[in-house]
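Asks: Next input, structure requested:
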Amino acid sequence: VQLQASGGGLVQAGGSLRLSCVASGSVFSINKMAWYRQAPGKQREWVAALVNGGTPIYGDAVKGRFTISRDTAKNTLYLQMSALKPEDTATYYCNANAGSRTRVDYWGKGTLVTVSS
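Replies: Sure, this is the predicted structure:
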């Protein structure tokens with residue numbers, strides 16, 4: 001599975017941004033997709049996840065502001081981010097968990113989101 005994230009950029013606090021992640025390769029084997037982020041000097045943090053056929057789940061820091069969704073026809077995962085805060089500044093990474101007997105995590109290159117105050 002290959003993942004390509006895009007949509008990052010510079011936005012003012014309170015603004016919105018939508019990230020996209022296009023999956024290719026063995027997309028049929030994907031069980032779950034998620035977004036993570038990593039701010040400078042900090043550990044990677046889980047943001048939101050979407051299990052096949054399941055309900056989206058969110059980290060406390062973004063709950064109520066971010067929405068994760070997936071368009072299976074386009075093999076694309078989205079993260080709609082609203083009411084952005086400077087603390088949301090980070091590189092955002094797309095993740096896919098795939099496989100049946102053996103589960104493997106795949107990562108895309110990150111896309112940088114910078115929120116100015």
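Asks: Can you show me the strands along the protein?
Replies: Ranges of strands within the chain are 2-6, 9-12, 17-24, 30-38, 45-51, 57-58, 66-71, 76-81, 90-98, 104-107, 111-116, based on DSSP state E.
Asks: Report how many residues lie close to Tyr93.
Replies: The local packing of Tyr93 (other Cβ atoms under 10 Å) involves 21 other residues. Placement of C-beta: from N, CA and C, glycine included.
Asks: so what's it bridging to?
Replies: Listed by DSSP bridges, the beta-bridge partners for Tyr93 are Tyr36.
Asks: Gln38 is in contact with that one, correct?
Replies: Yes: the criterion here is Cβ atoms under 8 Å, and Tyr93 meets it with Gln38 at 7.1 Å.
Asks: Pull up the overlap in contacts between these two.
Replies: Taking Cβ atoms under 8 Å, 6 or more residues apart in numbering as the criterion, Tyr93 and Gln38 both touch 44, 110.
Asks: wait, Ala83 sits on Gln12?
Replies: No: if you go by Cβ under 8 Å, Ala83 and Gln12 don't touch, sitting 11.4 Å apart.
Asks: With neighbour numbers in mind, choose between these two.
Replies: Remark: of Ala83 and Gln12, Ala83 carries more neighbours, 13 against 10, as counted by other Cβ under 10 Å.
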